[in-house]
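1. The sequence and its predicted three-dimensional model are supplied below.
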Amino acid sequence: MSDQSHTRPAPASAPKGEGFSLLRLLLEGRAFFALIAIVLVFSLLSPNYFTLPNFLIMASQVAIYGLLAIGMLLVILNGGIDLSVGSILALCGVVAGAMMQGVEVKAMGVILYPPVWAVVVLTCALGGLVGAVNGVLVAWFRVPAFVATLGVMYVARGVALLMTNGLTYNNLSGKAELGNTGFNWLGFNRLWGIPISVIVLFTCAMIAWAMLSRSAFGRWLYASGGNERAAELSGVPVRRVKITVYTLSGVLSAIAGLVLSSQLTSAGPTAGTTYELTAIAAVVIGGAALTGGRGTVLGTMLGAFVIGFLSAGLVIVGVSSYWQTVFTGAVIVLAVLMNSIQYGKGARKA
Amino acid sequence: MAGPDAREVVLAARNVAKSYGAVHALKGVNFDIHRGQVTTLFGENGAGKSTLMKILSGVIQPSSGEIILDGQPVTFQNSTHARDLGISIIHQELSLAPNLSVRDNIFMGREIMGPTGVNYAEEEAQVRRLMAGLEEDIDPLTPVEDLRLGQQQIVEIARALSVDSRILIMDEPTSALSASEVEVLFKVINDLTAKGVSIVYISHHLEEALQITDHAVVLRDGTMTAWAPRDQIDLNWIVRNMVGENYDLGAPPSGYEFGKVALSVQNLVLPDPGGNPYNVVDNLSLDVRAGEVVCIYGLMGAGRTELMETLAGRLRAASGRIELEGAGISHLSIAQRIARGLALVPEDRQRDGLVQTMSVGQNLSLASIRAFTRGIFTSRRAEQKLIRDTIRDVTVKTPGGNAPIGSLSGGNQQKVVIGKIMATKPKVILLDEPSRGIDIGAKAEVFRLLAEGAKQGLAVVYTTSEVSECLSIAHRIIVMHKGRISAEFDASASKEMIMAASGEAHAA
């Protein structure tokens, strides 16, 4: 349905209140207007802000949060939360790093150097697997999502630390004679002048958008997030939907982990700490309801860019990083406030 | 305080109206409560009884109109304010905290404070006195969740009594009580009125209410249709005013032969989900043929909802067999049963029927997404067609498929739930209390829809707690009592026969 877009002015479902529509437009498109405001303000404050190279750099930083936020959106639409994305990102980065160093098969006495495509596939599968553990815990064992993913967050981080003994893999470039070069392509190369990471984000967002707005699965997700009991009685496989969203969140975390390690040319077990909170913030700023059933990919992408462009702008202007934290927090609270204004109306009980 | 004066009105509502969005729950009602007397409010589901009582007890504020207490206009800020003015209410839905003890529930929000915090001993003593007055053996320290439903209702009653109010509103206080408990309650009510307390009483058990009432007021579709003192009324008067003169829920569809057995239930057993050592559905067998309309009548707790949910696949039976057109379906999921042609319209529309965050159209198409999915994507055109057709078929009054579901009236929301199930092209449709909380007009339309479906070979099974609804479109009436079928009638049965079989005529 068309009413899933927040930036579309006055969707068909809007009541015919004439004087009210401007306010409504501002409210529905708040993430979009916030982004424009941020770009305008920083462009005035710094001549370096409004330049193509800067935008591309900022966008490639946003890509990490954006990828995590797409997965987070799926989980939040389902009425859940995924605190483990930052840890899965680190675990997957470390595993990818380890594979780039070569996998020793003791029984055969050889060291395997999987090609980069295999590393990517295996890492994504690992992320999906860890995500599926979340999903099974939540859907089948009825562990509250907050607790289940909190546990997995610790376990995944712990495994990443154990694997590397706390150290970081610094050489991910591979060797030409081993046929495993190309890992840095993800983080550094450009296609038509656009960083690959941004293209990856854009592709994932398009797939997620198509899935949410046009596929049966998307409808199932919105329905089971809005009212799980009603969805179940309407024949929606609510458990399968749940496991799927956590799995996809895990896969997206793995992709983010690959992009991040490639950008940093190193894979460390402490990467991505507190990234889950940034992802949640992006989803919330994008207008999704934490109670489930409401939210869009476009909104979430805008939310991710609001956070990314704001903190990058503050750096460029020279504001201390402590202030950045304060600003980000204020934006999040403001966003949630607007959400409750938008969704609270009419839903409020007498 | 002066002696009870039969004519003295302590609390009155004048032209009170209440609307929720497009739904007008009350349309300008006048209502008097007399000192030291029992005023009974009669009306069908959705007539506005509970809304009126919530307004009189300050739980909700009226959209317009006036409340007059002791001759003075008054505005209740909230239910605490009303309670301070001497008005308390026993809610239809239990409003107890299950994790807390009986004592803590009774004194919730107005704990007796001593020098060192809450004076639990005093509270406990008061609870014991209350329970003794109600002739109930309930320990004050038992957690409410360990009590059975009837006992919880007693706790609710005790809580209202403990306030020493002048006006006590009882909204269906006996729905889960046994016959002896009802008698004790009536004795308590008599004691209270002798002390000058005014009682407002709401009950679906008409005969029961007639035993204690001094005045009767009848509500229908949010308006007051009749008012009379006890000596001028009888059962017929109440029913006539409750349902209206031109009340017609239709007749069993006729002029065709039933088809093969569509739904067959054999020796179905469902243990109590709460773990109690009895079966909510107890060795129940039932056959429904294509084109047949079967009504299942029973009181609250008879096991109707559990039976329906077991058939639909939400609850798993312990033993027994469910067959759809001859094939066993007990092992299938809800989705698979819908795909085979068996679907449930649940009892609680808000909780189980609708997704409030979605539009009317998305709710309508929710159960048949596969029907308009082409490859991996849904076809917008096919979906719009399905939504348009369903809106037309079930006559939903809506500005369009994009309207938010919350903007529709209760009756139209119910039609959306039914339409959603009809869109799956079922062979057997189960409806749990399809008329709950919708007005008479919508009720008649819902039954007309079902009758038309039956003519086209749909097997219809619906439950109800209103006898008048059994004697409408049903070819066969099955009475459930304590998980079993206690009687079976054809459409020529009388209301008295049906009620007697349900165990309802207990207080007679």
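-> Done, it's in.
2. what residues does the stretch 51-200 of chain B put near chain A?
-> B:60-61 (Cβ under 8 Å from any Cβ of the partner chain). In this view, the C-beta of every residue, glycine as well, is placed from N, C-alpha and C.
3. Leaving out chain neighbours, which residue sits closest to residue B:379?
-> residue B:372 (5.1 Å; Cβ to Cβ, 6 or more residues apart in numbering or on different chains).
4. neighbours around the one you found, how many?
-> Look at residue B:372: counted by other Cβ atoms under 10 Å in any protein chain shown, it has 20 neighbours.
5. looking at it, it is touching residue B:383, isn't it?
-> Yes - the pair residue B:372 / residue B:383 is scored as a contact, 4.5 Å apart, by Cβ atoms under 8 Å.
6. Who are the contact partners of the residue of the stretch 51-200 of chain A found nearest chain B?
-> In the stretch 51-200 of chain A, no residue comes nearer to chain B than residue A:77, which is 9.7 Å away by Cβ to the nearest Cβ. Contacts of residue A:77 were listed using Cβ atoms under 8 Å, 6 or more residues apart in numbering or on different chains, and they are A:212, A:221-222, A:225, A:245, A:288, A:292-295.
7. same deal with residue A:166?
-> residue A:269.
8. what number of residues lie near the residue of the stretch 401-508 of chain B found nearest chain A?
-> Distances between the stretch 401-508 of chain B and chain A by Cβ to the nearest Cβ are smallest at residue B:402, namely 4.6 Å. By other Cβ under 10 Å, 18 other residues sit near residue B:402.
9. could you check the distance from it over to residue A:221?
-> 20 Å (Cβ to Cβ, to the nearest Å).
10. Same question for residue A:243.
-> 12 Å.
11. Which of these two has more residues huddled nearby?
-> residue A:221 (28 against 21).
12. That one against residue A:74, yeah?
-> Yes - using Cβ under 8 Å, residue A:221 makes contact with residue A:74 at a distance of 6.8 Å.
13. shared neighbours of these two, anything?
-> residue A:245.
14. and the helix or strand encompassing residue A:87, what other elements does it pack with?
-> Element membership for residue A:87, per DSSP states H and E: helix A:85-101. In terms of contacts (3 or more Cβ pairs under 8 Å, 6 or more residues apart in numbering or on different chains; DSSP states H and E), helix A:85-101 is packed against helix A:52-77, helix A:116-139, helix A:145-164, helix A:238-264, helix A:275-285.
15. Just after it, pick out the following helix or strand.
-> strand A:103-105.
16. Contacts made by that next one with the rest, please.
-> A:110-114.
17. which residue packs closest to residue 114, ignoring adjacent ones?
-> Defaulting to chain A. residue A:99 (5.5 Å).
18. I was after chain B.
-> residue B:122 (7.2 Å).
19. Doesn't the one you found belong to a helix?
-> Yes - assessed with DSSP: H, G, I helix; E, B strand; the rest coil, residue B:122 lies in a helix.
20. how much space is there between it and residue B:135?
-> Distance from residue B:122 to residue B:135, by Cβ to Cβ: 22 Å.
21. do residue B:302 as well
-> For residue B:302 relative to residue B:135 (Cβ to Cβ), the value is 25 Å.
22. Then residue A:22?
-> For residue A:22, the distance to residue B:135 - Cβ to Cβ - is 65 Å.
23. So for the two, which residue has more residues nearby?
-> residue B:135 (14 against 11).
24. what sits against residue B:269?
-> B:279, B:281-284, B:317-320 are the contacts of residue B:269 under Cβ under 8 Å, 6+ apart.
25. Compare the residues you listed and tell me which is most surrounded.
-> residue B:281 (28 neighbours).
26. I'd like the average pLDDT over the helix or strand harbouring that residue.
-> Using DSSP H and E, residue B:281 sits in strand B:279-289. This predicted structure assigns strand B:279-289 an average pLDDT of 88.
27. List the strands paired with that strand, with their directions.
-> strand B:261-271 (antiparallel) (DSSP bridges).
28. Now the strand it pairs with: buried residues?
-> Of the residues in strand B:261-271, those with enough neighbours to count as buried (16 or more other Cβ atoms under 10 Å in any protein chain shown) are B:261-265, B:268-271.
29. what does stretch A:283-299 give?
-> A:283-289, A:292-299.
30. Quickly check: it near chain B or not.
-> Yes - residues of stretch A:283-299 are located near chain B by Cβ under 8 Å from any Cβ, namely A:289, A:292-294.
31. how about those in a markdown table, adding secondary structure?
-> Formatted as a markdown table, those follow (three-state DSSP):
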| residue | secondary structure |
| --- | --- |
| A:289 | coil |
| A:292 | coil |
| A:293 | coil |
| A:294 | coil |
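32. Which of the helices or strands spans residue B:444?
-> helix B:440-455.
33. May I have the next helix or strand after that helix as PDB, with CA atoms only?
-> Once the chain leaves helix B:440-455, the next helix or strand it forms, by DSSP H and E, is strand B:459-464. This file holds the C-alpha atoms of strand B:459-464, laid out as PDB (Å, rounded to 0.1, in the frame of the first residue of the first chain):
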ATOM      1  CA  ALA B 459     -21.300 -24.900   6.600                       C
ATOM      2  CA  VAL B 460     -21.800 -22.300   9.300                       C
ATOM      3  CA  VAL B 461     -21.200 -22.800  13.000                       C
ATOM      4  CA  TYR B 462     -21.700 -19.900  15.400                       C
ATOM      5  CA  THR B 463     -21.800 -19.500  19.100                       C
ATOM      6  CA  THR B 464     -23.900 -17.100  21.100                       C
END
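34. contact partners of strand B:459-464?
-> Residues contacting strand B:459-464 (Cβ under 8 Å, 6+ apart): B:262-263, B:288-298, B:304-305, B:308, B:311, B:347, B:427-435, B:450, B:453-454, B:470, B:473-474.
35. Tell me which residue of the stretch 1-150 of chain B lies closest to chain A.
-> residue B:60 (4.8 Å).
36. Residue B:18 is in contact with that residue, correct?
-> Yes - counting by Cβ under 8 Å, residue B:60 does reach residue B:18; the two are 6.9 Å apart.
37. thinking again about what came up before, can I have the buried ones of the contacts of strand A:103-105 as a ChimeraX selection?
-> Buried residues among these (16+ other Cβ under 10 Å), as a ChimeraX selection:
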select /A:113,114
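38. among the contacts of strand A:103-105, which are in strands?
-> A:110-112 (DSSP state E).
39. what subset of those is also close to chain B?
-> Counting by Cβ under 8 Å from any Cβ, no member of the ones in strands among the contacts of strand A:103-105 reaches chain B.
40. nearest to residue A:27, of those residues?
-> Residue A:27 lies nearest to residue A:112 out of the ones in strands among the contacts of strand A:103-105, by Cβ to Cβ, at 55.4 Å.
41. what's the spacing between the closest residue to the closest one other than its chain neighbours and residue A:182?
-> Once flanking residues are discounted, residue A:112 sits nearest to residue A:103: 4.7 Å by Cβ to Cβ, 6+ apart. Per Cβ to Cβ, residue A:103 is found 17 Å from residue A:182.
42. So for those two, which sits in the more crowded spot?
-> The neighbour count for residue A:103 versus residue A:182, taken as other Cβ under 10 Å, is higher for residue A:182 (17 against 14).
43. got a list of what the more buried one touches?
-> So residue A:182 contacts A:116, A:174 (Cβ under 8 Å, 6+ apart).
44. can you check residue A:303 too?
-> Here residue A:303 is in contact with A:31, A:69, A:281-287, A:335 (Cβ under 8 Å, 6+ apart).
45. Show the pLDDT at residue 226.
-> I'll assume chain A. So residue A:226 comes in at 89 (pLDDT).
46. oops, chain B please
-> pLDDT, read off for residue B:226, is 82.
47. How about residue B:92?
-> For residue B:92, the predicted pLDDT is 70.
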